[in-house]
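Asks: just the structure for this:
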Amino acid sequence: MGQGGEPRRVQAYDGELGAAVARAQEGDETAFAVAYRLVQPGLLGYLRGLVGEDAEDVASDAWLEIARDLGRFRGDGAGFRGWTATIARHRALDHLRRQKVRPRSAAVLEQDMLDLAGPYSTHDQALESLSTEYALELVRGLPRDQAEAVLLRVVVGLDGPAAARVLGKRPGAVRTAAYRGLKRLAQQLGVESVTDDGSRTLGEST
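Replies: From the prediction side, this is the model:
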């Protein structure tokens, strides 16, 4: 999974992540800690975009479920990131229903999350130009589908089909939402618009 569309750093971790998950499924607690360390930053950034300041609590609930159901998981490192994002999203939506709060249209992008920029210059320029406060202001203006697609693609590092599975949408719809969201952010930042090459990396075949 995940050729050009994943952030370079996240993609580089997938081999280590897959090996850690396999060991953790055999009862290696240290390996589970490694998997947590690799997945948690992106997962927490994604949850901040859904539930704001409650992200830490929701992430804790998600990890309890992940640990409980780890033996059922089948797949590689990239697949594990998608699986954990799906669990986290379900817990976030449950939390929002309990709070009777509509999902936020904004994504709180912490500065450490901005280090997970994508592999193409447009993504790099856009994300590296954002301060935390400015990121919040800009992403708040994105429609929710675009904000969530950008988070899954750039922060969590999922490829198009994996992000689509998390959201329960067609890959083409997620590709389009992510492309439009990044293009809008780039325009607001005054950098070059997302190129055709960039748009192709935002989603593999539909």
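
Asks: let me know the secondary structure of the closest residue to residue 167 other than its chain neighbours.
Replies: Of all residues not flanking residue 167 in the chain, residue 174 sits nearest, at 6.1 Å (Cβ to Cβ, 6 or more residues apart in numbering). Every residue, glycine included, has its C-beta placed from N, CA and C. Put simply, residue 174 is helix when judged by DSSP: H, G, I helix; E, B strand; the rest coil.

Asks: going forward, the N-terminal residue is numbered 121.
Replies: From this message on, residue numbering opens at 121, which makes the last subject residue 294.

Asks: I'd assumed residue 282 was in contact with residue 294.
Replies: No. Counting by Cβ atoms under 8 Å, residue 294 does not reach residue 282; the two are 9.3 Å apart.

Asks: so which of these two has more stuff around it?
Replies: Looking at residue 294 and residue 282 with other Cβ atoms under 10 Å, you find the greater number of neighbours at residue 294, namely 30 against 27.

Asks: which ones are touching that one?
Replies: Neighbouring residues of residue 294 by Cβ atoms under 8 Å, 6 or more residues apart in numbering: 269, 272, 273, 280, 283, 284, 287, 323.

Asks: same check on residue 137?
Replies: 154, 155, 158, 159, 197, 200, 201.

Asks: with adjacent residues omitted, what lies nearest to the second one?
Replies: Put plainly, it is residue 155. Counting by Cβ to Cβ, 6+ apart, the nearest residue to residue 155 once its immediate chain neighbours are dropped is residue 140, at 4.4 Å.

Asks: what is the least confident helix or strand in the chain?
Replies: Least confident helix or strand of the chain, by mean pLDDT, DSSP states H and E, is helix 316-321 with a mean of 37.

Asks: which of the contacts of residue 137 has the most neighbours?
Replies: Of all those, the most densely surrounded is residue 201 (30 neighbours; neighbours counted as other Cβ under 10 Å).

Asks: quick one, strands of the protein?
Replies: Shown for the chain, no strands are assigned by DSSP state E.

Asks: what are the ranges of the helices in it?
Replies: Listed from the start of the chain, the chain has helices (DSSP state H) covering 128-144, 149-171, 175-189, 197-219, 231-234, 241-248, 252-260, 264-270, 280-287, 291-309, 316-321.
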